[in-house]
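In: Build me a model from this:
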Amino acid sequence: MRRILQFILKILARFVLRKYKPIVVGITGSVGKTSTKEAVYAVLKRKFKVRRNLRNYNNEIGVPLTVLGLETGGRNIFKWIILFLKALRLILLKTDYPEILVLEMGADKPGDIKYLLDFVPVNIGIVTAIGEFPVHIEFFPEKDDLVEEKANMVKYLSPFRLPDNEKSSGIAVLNYDDLSVRGMRDKIKSGTKLIYYGFGNGADVKLSNFEPKFSNLKNFGASFKVELNGSIVPVRINALGKQYAYACGAGITVGVVLGINLVEISQALKNYKVMEGRGNLIKGIKNTIIIDETYNASPAATLAALEVLEQFEGRRKIAVLGDMLELGEYTEIGHRRVGEKVARVADLLFTVGIRAKFISDQARKTPGKLSEENIFEFDTSDQAGLPLQKQIKSGDVILVKGSRFMRMEKIIEEIKG
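Out: Next up, the predicted model:
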């Protein structure tokens, strides 16, 4: 049934794209895809009619549904029939269609990106970050194979016309600070324009002076500067982590490419918001602050979340960390790398899951703030909630993060105000 759905959706999406010819911005990477998608969308929607994936619509079903402007029919065959009829109407009649599609594309296994690019002609391709221990690596023979799969995003770009009617052979937007991503320059075809963004000195869209500030739950964020062709513009966003500055760096790059000036882009990014479960701040019990990172987890994303936790000076810090899945041979070393960091940041550590015990074990071995009596281990999120409540004190900052399978949001429910 799924394969039949995939085939029908692929055909319908291909016809729609051929008819309306929107500019397609494709986004992939092991971390930062969704935050980058939201940043690109925040920048472009001020000037263009734009559509982006909702929720986790980034696979062989979700991407064509986004192209068609539809939601899933689930397991109901009659809903799918109605959806297909709506798609046919889109093809047969002239309707108001977006000028730009911003499409996050995931790669859980070899061939995923190539499958999507077979019917979605990406014009501007963004690769966010791979990281030292990328997610989904267990489904690839080697890390190089995963990098190769992600690189397809900028390897097979389609020509298009820019808003000023200038013709482009495709534009590759790469994170300069991630070495695996930077190396994808060798995969880009002749004629494709390459633009780097990042904090490194070799970046074309140069970010600098990142500074997070927290006053209270209604007044927090980060500021940084962006430099391009000699112009420097300040940017302020309602998010604390440096990873969101990277997301905005990609958004700034796409905005400039499509003719939006830096001042307008800076204004647009004031409306950039972190999505639920991806670093948003919540009021907790006993006048605490919760950093909700429950959507998913990888070593790179967890280390970035711990850097956010570290910013809360003068407050007791609690890290609640669950298993990070799909790491394959990097499972132990990835968790231990997080353990090294958390030992230097947190005052209390709660781990959830069998794999997360590597985090607590490494935290015990690493000199830092954590003592043995402040490390707690649990097998499931259900078991951790009540003991965590008992340890919480007024003013604490609590980071909760883990892979989706660990259901870490249950812990948020236990401790939120």
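In: where does the stretch 151-300 of the chain dip in pLDDT?
Out: Within the stretch 151-300 of the chain, not a single segment meets pLDDT under 70.
In: Just the strands from it, written as ranges.
Out: Per DSSP state E, counting those that start in this stretch, the stretch 151-300 of the chain carries strands over the ranges 160-161, 167-168, 171-175, 193-198, 205-216, 219-228, 231-237, 280-284, 288-293.
In: Please name whichever of these is nearest to residue 111.
Out: Set against residue 111 and scored by CB to CB, those come closest in strand 171-175, at 20.7 Å. Every C-beta, even on glycine, is put in place using the N, C-alpha and C of the backbone.
In: re earlier: comparing the strands of the stretch 151-300 of the chain, which stretch has the densest surroundings?
Out: Between the strands of the stretch 151-300 of the chain, strand 171-175 has the highest mean count of neighbours, a mean of 27, where neighbours are mean count of other CB atoms under 10 Å.
In: Kindly point out the strands partnered with that one and how each is oriented relative to it.
Out: strand 124-127 (parallel), strand 193-198 (parallel) (DSSP bridges).
In: Reformat those as CSV; add distance to residue 323.
Out: Formatted as CSV, the entries for these read as follows, by distance: least, CB to CB, whole Å:
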stretch, distance to residue 323
strand 124-127, 26
strand 193-198, 30
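In: Of all the ones you listed, which one comes closest to residue 280?
Out: With CB to CB as the criterion, residue 280 lies closest to strand 124-127 of the strands paired with strand 171-175, at 22.8 Å.
In: Just the mean pLDDT for the closest one, thanks.
Out: Model confidence over strand 124-127 averages 98 on the pLDDT scale.
In: ok, now stretch 301-315?
Out: Along stretch 301-315, the predicted confidence averages to a pLDDT of 96.
In: Could you give me the buried positions within it?
Out: Neighbour counts using 16 or more other CB atoms under 10 Å place 301-312, 315 of stretch 301-315 among the buried residues.
In: sorry, back to before: quick one, which of the strands paired with strand 171-175 is nearest to residue 30?
Out: Between the strands paired with strand 171-175, strand 124-127 lies closest to residue 30; by CB to CB that is 9.5 Å.
In: Look up how far residue 51 lies from residue 270.
Out: Note on residue 270: its distance to residue 51, by CB to CB, to the nearest Å, is 22 Å.
In: Tell me which of these two has more neighbours.
Out: Relative neighbour count places residue 51 above the other of residue 270 and residue 51, with 18 against 12, counting by other CB atoms under 10 Å.
In: Who does the more buried one form a beta bridge with?
Out: Residues found in beta-bridge contact with residue 51 (criterion: DSSP bridges) are residue 101.
In: Contacts made by stretch 158-169 with the rest, please.
Out: With contact meaning CB atoms under 8 Å, 6 or more residues apart in numbering, stretch 158-169 is reached by 23-24, 121-123, 157, 170, 189, 191-193, 257-259.
In: just to revisit the earlier point, sort out for me which of the buried residues of stretch 301-315 are in helices.
Out: Those of those mapping onto helices are 301, 302, 303, 304, 305, 306, 307, 308, 309, 310, per DSSP state H.
In: Out of the strands paired with strand 171-175, which gets nearest to residue 108?
Out: Counting by CB to CB, residue 108 lies closest to strand 124-127 out of the strands paired with strand 171-175; the figure is 16.3 Å.
In: Buried residues in that closest one, which are they?
Out: Counting neighbours by 16+ other CB under 10 Å, strand 124-127 gives 124, 125, 126, 127 as buried.
In: The first one touches residue 254, doesn't it?
Out: Yes: using CB atoms under 8 Å, residue 124 makes contact with residue 254 at a distance of 5.9 Å.
In: just to revisit the earlier point, tell me which of the strands paired with strand 171-175 lies nearest to residue 244.
Out: Using CB to CB as the criterion, the shortest distance between residue 244 and these is 13.2 Å, found for strand 193-198.
In: how far off strand 205-216 does the closest one point, in degrees?
Out: For strand 193-198 against strand 205-216, the angle by axes from the mean of the first three to the mean of the last three CA atoms, to 10 degrees is 30 degrees.
In: Name the surrounding residues that touch strand 193-198.
Out: Counting contacts by CB under 8 Å, 6+ apart, the residues touching strand 193-198 from outside are 168-178, 182, 185, 188, 202-207, 246, 249-250, 252-253, 257.
In: Tell me where this protein has helices.
Out: Secondary structure of the chain (DSSP H): helices at 2-20, 33-44, 62-68, 77-92, 112-117, 143-155, 179-182, 242-257, 262-268, 299-310, 331-345, 357-365, 381-391, 409-415.
In: possible to save these as JSON lines with distance to residue 231?
Out: Output for these, formatted as JSON lines (distance: least, CB to CB, whole Å):
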{"stretch": "helix 2-20", "distance to residue 231": "34"}
{"stretch": "helix 33-44", "distance to residue 231": "16"}
{"stretch": "helix 62-68", "distance to residue 231": "34"}
{"stretch": "helix 77-92", "distance to residue 231": "41"}
{"stretch": "helix 112-117", "distance to residue 231": "34"}
{"stretch": "helix 143-155", "distance to residue 231": "26"}
{"stretch": "helix 179-182", "distance to residue 231": "24"}
{"stretch": "helix 242-257", "distance to residue 231": "10"}
{"stretch": "helix 262-268", "distance to residue 231": "6"}
{"stretch": "helix 299-310", "distance to residue 231": "28"}
{"stretch": "helix 331-345", "distance to residue 231": "36"}
{"stretch": "helix 357-365", "distance to residue 231": "43"}
{"stretch": "helix 381-391", "distance to residue 231": "48"}
{"stretch": "helix 409-415", "distance to residue 231": "42"}
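In: now for those, which one comes closest to residue 321?
Out: Each of the helices of the chain was scored for nearness to residue 321 using CB to CB, and the closest is helix 357-365 (5.6 Å).
In: Buried residues, the closest one. List them.
Out: Within helix 357-365, the residues that qualify as buried are 357, 358, 359, 360, 361, 362, 363, counting by 16+ other CB under 10 Å.
In: Not counting its neighbours along the chain, what's nearest residue 150?
Out: Distances taken as CB to CB, 6 or more residues apart in numbering place residue 28 nearest to residue 150, at 5.3 Å, with adjacent residues excluded.
In: wait, isn't the one you found in contact with residue 108?
Out: No: Residue 28 is beyond contact range of residue 108, at 11.4 Å (criterion: CB under 8 Å).
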